[in-house]
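> return a 3D structure for these sequence lines:
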Amino acid sequence: MVQFGRHGGVGYTWDDNGNLLSDGTSVYTYTYANRLAAMSWQTNLMEFEYNGLGDLVRQTTNGVSKTFVLDSAAGLTQVLADNNYAYLYGLGRIAQQGASSTGYFLGDALGSVRQWVDGGHSATKGCLFGVKRWRVCYNIRGGKDGIHFCSADWAG
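The predicted structure is shown next:
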């Protein structure tokens, strides 16, 4: 694992288990099992709770909780519902249904979600293939909590 002590003028700190503790903006704490327990930035606090299997069961952001209903009998634990959506499964995750909208997950051959289509058949989230065959996932609408997650993998 590569750990930079400083990058772009920002100091990073890790614990002895390799968990990031601070990135210059946010502070992170972990459980004894090395699961993310909380992160704080500016005046915000996000906390995470797990069950005995290590599955995320509750996420609380600035006092507002989102609880996940899980199907632990599946090969890998699946989220069946949270505060906003119920999730529909077949051989894989098919759709999410909220009070006023339904969205469909479009996957690749490995089962990873590569695109998300709303009830009006418009692709609102997806993946782009960029230079040097890196695949970068994006979220067009962004999260209401101000946190945006990006991931990339080698498409080689």
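> give me the neighbour count for Asn17.
The local packing count at Asn17 equals 8, with neighbours defined by other C-beta atoms under 10 Å. Every residue, glycine included, has its C-beta placed from N, CA and C.
> list the buried residues in stretch 79-86.
Residues of stretch 79-86 classed as buried under the neighbour-count rule (16 or more other C-beta atoms under 10 Å) are 79, 82, 85.
> ignore the last one, stretch 32-48
Using 16+ other C-beta under 10 Å as the burial criterion, the residues of stretch 32-48 that qualify are 36-37, 39, 46-48.
> nearest to Ser100, of those?
Out of these, the one with the shortest distance to Ser100 is Met46. That distance is 25.6 Å, counting by C-beta to C-beta.
> circling back to that earlier point, mind listing which of the buried residues of stretch 79-86 are in strands?
The subset of the buried residues of stretch 79-86 located in strands under the criterion DSSP state E comprises Val79.
> rewinding a little: so which of the buried residues of stretch 32-48 sit within strands?
Secondary structure assignment (DSSP E) places 36-37, 39, 46-48 from these within strands.
> columns distance to Asp55 and pLDDT on top of those, output as a markdown table?
Output for those, formatted as a markdown table (distance: C-beta to C-beta, whole Å; pLDDT from 0 to 100):
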| residue | distance to Asp55 | pLDDT |
| --- | --- | --- |
| Leu36 | 13 | 93 |
| Ala37 | 14 | 94 |
| Met39 | 19 | 94 |
| Met46 | 17 | 94 |
| Glu47 | 16 | 95 |
| Phe48 | 11 | 94 |
